[in-house]
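J.: Got a sequence here, can you model it:
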Amino acid sequence: MQNETIKVLVPKLPEVGAVLPYLKRIDTTRIYSNYGPLNSEFLSRLRELTGAKAVTLTSNGTTAIELALRVRAAPGRRYCLMPSFTFIASAHAVCNAGLLPALVDVSAETLTLTPEIAEAALESFDERPAAVLVVSAFGAPPDLAAWAAFEARHDVPVVFDAAAAVTAISGVGTQPACVSLHATKVLGIGEGGAILSNDTALNERTTAMTGFGFLGAERVSAIRGGNYRISEYTAAVGLAAMDALPARMEQLKSLTQAYRKRLDGKAVRFQNGVGDQWVTMTLNVIVPENTEQDTIDRLNAAKVEWRHWWGLGCHRHPAFADVPRADLSGTDALARRVIGLPFHDGLTEENLDRIAKCLP
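T.: Sure thing, here's the model as predicted:
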């Protein structure tokens, strides 16, 4: 109905009936955590989905980034080069890994840090960074080959924050890709994350770090870690979510195409490839310059929820206002124009029409 607010996001995890067969297996084994059989099966299916030889499951996507940086960052260096335009969890993960965020700009075309921007930014700071954290924009696949070449040229380790891109990742190499399995992601399990790579030595260390650093000898803490595991119950939800994933991805593709049809000929644009080459749970449009406030006013008047999913940049948060930064004028100009639209299975044709009328 016209007077009802259109919600921006309504997550959906597997229903009880889909999870129940896996829960019964837990009752049979009486293994509830500590890398149990459902955990192992979920790992195997993640490897199959992404093509990664090695997977570490973590308690959430932020922890995945933290652990990957702790293993990969060059010792004796302080900075982690990262885009300011990202969800704030990225900056917190950098700090939790013992590094200092060094914020740089992004491409207005891809919404991401590119190797070219990173190379230019290397001259902006007083020392070489310990690592670069490359963020995938809302589920788009990162350019793995370009960043492998960057690392080879500059001897600066690269880690990918591919939080929403678990279904878009393929061809992962030794540079780890960290994904989120939060309820708001395409493959959502409630809360969880994973580190994907082809580096089995890195995988051995990051997996040990999720269980108090036990490595080699039983119950001997060889490296510093913590308790970052998922339970068998979480793995059960993950396996049920895997079962439903093909249908879910088709549904998201169909919804994206419904938006594309309605917005054809308008001034807004989508991210490259969304709905065709990859899918997302947070569909964004980029509106033309100087139209963002009018667009937001129309959405509000029509009772359409919207989001700046990443805010206006990490440098706008008080907790990170004083960290080193390069020129961020591109981020300042871009962030307000990236608007998250309602995107979930509860949207009707009338809802989509109402939303489309608000966009330039």
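
J.: Run a quick neighbour tally on Ser40.
T.: By other Cβ atoms under 10 Å, 11 other residues sit near Ser40. Backbone N, C-alpha and C define where each C-beta goes, glycine included.

J.: gap between it and Leu196?
T.: Note on Ser40: its distance to Leu196, by Cβ to Cβ, to the nearest Å, is 16 Å.

J.: before we move on, what about Glu123?
T.: 32 Å.

J.: of the two, who's got more company?
T.: Between Glu123 and Leu196, counted using other Cβ under 10 Å, Leu196 has the larger neighbour count: 28 against 7.

J.: Quick check, the more buried one in contact with Ala52.
T.: Yes. Using Cβ atoms under 8 Å, Leu196 is in contact with Ala52, at 3.9 Å.

J.: Now the common contact residues for the two.
T.: Common neighbours of Leu196 and Ala52, using Cβ atoms under 8 Å, 6 or more residues apart in numbering, are Leu46, Ile169, Val172, Ala177.

J.: okay, the residues you listed in CSV with pLDDT next?
T.: Below are the shared contacts of Leu196 and Ala52 laid out as CSV (pLDDT from 0 to 100):
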residue, pLDDT
Leu46, 98
Ile169, 93
Val172, 94
Ala177, 98
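
J.: Could you tell me which of those belong to helices?
T.: Leu46 (DSSP state H).

J.: Narrow the shared contacts of Leu196 and Ala52 to those that are buried.
T.: Among the shared contacts of Leu196 and Ala52, those buried by neighbour count (16 or more other Cβ atoms under 10 Å) are Leu46, Ile169, Val172, Ala177.

J.: Now flag whichever of those is closest to Leu245.
T.: For these, the closest approach to Leu245 (Cβ to Cβ) belongs to Leu46, at 11.0 Å.

J.: List the contacts of the nearest residue to that closest one once chain neighbours are set aside.
T.: Using Cβ to Cβ, 6 or more residues apart in numbering and skipping residues adjacent in sequence, the residue nearest Leu46 is Val55, 4.9 Å away. Contacts here follow Cβ under 8 Å, 6+ apart; on that basis Val55 touches Leu43, Leu46, Arg47, Ala194, Ile195, Leu196, Asn203.

J.: So the second one is in contact with Leu196, correct?
T.: Yes. A contact is recorded between Leu46 and Leu196 when judged using Cβ under 8 Å, the distance being 7.5 Å.

J.: Common neighbours of these two, please.
T.: With Cβ under 8 Å, 6+ apart, Leu46 and Leu196 have common neighbours Ala52, Val55.

J.: Domains in the chain, by residue range?
T.: Using automatic domain parsing, the domain ranges for the chain come out as 16-239, 244-357.

J.: could I get those domains as a markdown table with distance to Val8?
T.: Shown next, in a markdown table, are the domains of the chain (distance: least, Cβ to Cβ, whole Å):
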| stretch | distance to Val8 |
| --- | --- |
| domain 16-239 | 11 |
| domain 244-357 | 4 |
